[in-house]
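In: this one's structure only:
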Ligand SMILES: [Fe+2]
């Protein structure tokens, strides 16, 4: 989903997706708008969009520390994603507005936040729309299902070139995300995935670090065999596209 120039995707013009916030230099603006995340909000309570972004930014800044633990980080981000208040009226309105993209036969996307540490992207699928198998080089990802229902298959790379132009992928997870469910990947675990929407679905994805030219260029897409490698198990031959 990173190579957004692919024909399957279309960039929506969702600037203003969540009101004024995104029209401003967001993180700076958030400092004044977020009402001090964790200052007033009880631990574990739902948080609105501004507090959510502020909390993500704070957490993402830690990736530069020597002792950064990627797995713990992703678990923390997943926890934050589950706390995003999907009943918040402003968010509901924004998600409703985003539906203007429906009917174009492609997956809608937009960047809701992008800076040097992380990016938050919005993705909208119609029923049956899918994203082919791809990896996320040296990145972590947290996908929050805001509305709808989507199947997500995660893979680990277990072999390069078992056959020319192919890799071997191990299916490590198949999850069905519904509203408020979260799927995660790290740079080493479950880093490869593919998705297929079972109904109209809207996702909020957090990538740390964000896509840049290098990471986009190194991202690979795969055509995965329907049948397991050598007829059994969870390993699949996949052609590098
Ligand atoms: Fe992805």
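Out: Right, received. Where do you want to start? Just so it is clear, the model here is predicted, and its values are computed rather than measured.
In: could you point out which element follows the helix or strand of the chain with the lowest mean pLDDT?
Out: Lowest on mean pLDDT, DSSP states H and E among the helices and strands of the chain sits helix 26-33, with a mean of 46. For helix 26-33, the succeeding helix or strand toward the C-terminus, using DSSP states H and E, is helix 49-60.
In: need the contact list for residue 196.
Out: Residues near residue 196 by Cβ atoms under 8 Å, 6 or more residues apart in numbering: 128, 129, 130, 131, 150, 151. (C-beta placed from N, C-alpha, C; glycine too.)
In: who does it bridge with?
Out: Judged by DSSP bridges, the bridge partners of residue 196 are residue 130, residue 151.
In: Now do it, the pLDDT please.
Out: pLDDT for residue 196: 98.
In: Name whatever forms a beta bridge with residue 134.
Out: residue 193, residue 221.
In: Could you check how many residues crowd around residue 103?
Out: Residue 103: 8 surrounding residues under other Cβ atoms under 10 Å.
In: Run through the neighbouring helices and strands of the longest helix seen in the chain.
Out: Scanning the chain for the longest helix, with DSSP state H as the assignment, gives helix 70-83. Applying 3 or more Cβ pairs under 8 Å, 6 or more residues apart in numbering; DSSP states H and E, we find helix 70-83 packed against helix 49-60, strand 140-147, strand 182-185, strand 201-208.
In: Next, the angle from that helix to helix 49-60.
Out: 170 degrees (axes from the mean of the first three to the mean of the last three Cα atoms, to 10 degrees).
In: Could you pull up the mean pLDDT of helix 70-83?
Out: 97.
In: now stretch 45-64
Out: For stretch 45-64, the mean pLDDT works out to 92.
In: Also stretch 154-172?
Out: For stretch 154-172, the per-residue pLDDT averages 97.
In: what about it, distance to the chain center?
Out: Chain-centre distance of stretch 154-172: 22 Å, with Cα atoms, centre = their mean, to the nearest Å.
In: Do me a favour and get the end-to-end distance for it?
Out: Stretch 154-172 stretches 6 Å from its first residue to its last (Cα to Cα, to the nearest Å).
In: Which parts of that stretch count as buried, going by neighbours?
Out: Neighbour-count burial for stretch 154-172, with 16 or more other Cβ atoms under 10 Å as criterion, is recorded at 154, 155, 156, 157, 166, 167, 168, 169, 170, 171, 172.
In: Name the secondary structure element that contains the second one.
Out: With elements delineated by DSSP H and E, residue 155 resides in strand 149-160, which encompasses its position.
In: Could you list every helix and strand that that strand packs against?
Out: Against strand 149-160 (3+ Cβ pairs under 8 Å, 6+ apart) you get strand 166-178, strand 182-185, strand 192-197, strand 201-208, strand 235-240.
In: CSV for those, including distance to residue 89?
Out: CSV is the format used below for the helices and strands packed on strand 149-160 (distance: least, Cβ to Cβ, whole Å):
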stretch, distance to residue 89
strand 166-178, 21
strand 182-185, 22
strand 192-197, 25
strand 201-208, 16
strand 235-240, 43
